[in-house]
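Novice: Sequence plus the predicted model coming up.
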Amino acid sequence: MDAGHYEDGRITLKCSFCQGKGIDPFELLSKLSACQVCLGRGEVTIRKPVVECVCCSGTGTHRHQRLTCIVCGGKGMVKIMEPVQTCPRCNGRGVVKGYYLPCLKCNGKGVVTKK
């Protein structure tokens, strides 16, 4: 992903939900509807450090749905607090096996902050 960097620790990334097109990828209201994540800009801003969202595999879309991912909000990336380690509850998957909701220990990020 191409990223713009800011001095305050933010980065700008291509919107994962609409693949940077700025329009609703599912055309729910209209073929011209603005993307609900980037509001039509085609890019999103997030504070560093970040990792790819394991809950949606960076797509910004909730598994098997046409909804934004509830972990990353459709951005495809999530902010973390370093240093990190793999979540012991979900083993880095972001979801507990057999469930479609995010792991409560890591909030769906797949990693937890080392103590």
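Specialist: Noted; the coordinates are in hand.
Novice: only C-alpha atoms for contact and neighbour calcs from this point on.
Specialist: OK.
Novice: where in the protein is pLDDT low?
Specialist: Per-residue confidence for the chain (pLDDT under 70) gives these ranges: 1-5.
Novice: Can you show me the strands along it?
Specialist: Listed in chain order, the strands of the chain (DSSP state E) span 3-5, 10-14, 43-47, 50-52, 77-79, 84-86, 111-113.
Novice: Next, count neighbours for Pro83.
Specialist: 10 (other CA atoms under 10 Å).
Novice: Would you confirm that it contacts Lys114?
Specialist: Yes. Using CA atoms under 8 Å, Pro83 is in contact with Lys114, at 5.7 Å.
Novice: Redo the strands of the chain as CSV? Include distance to Gly60.
Specialist: Formatted as CSV, the strands of the chain follow (distance: least, CA to CA, whole Å):
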stretch, distance to Gly60
strand 3-5, 17
strand 10-14, 11
strand 43-47, 11
strand 50-52, 10
strand 77-79, 8
strand 84-86, 21
strand 111-113, 18
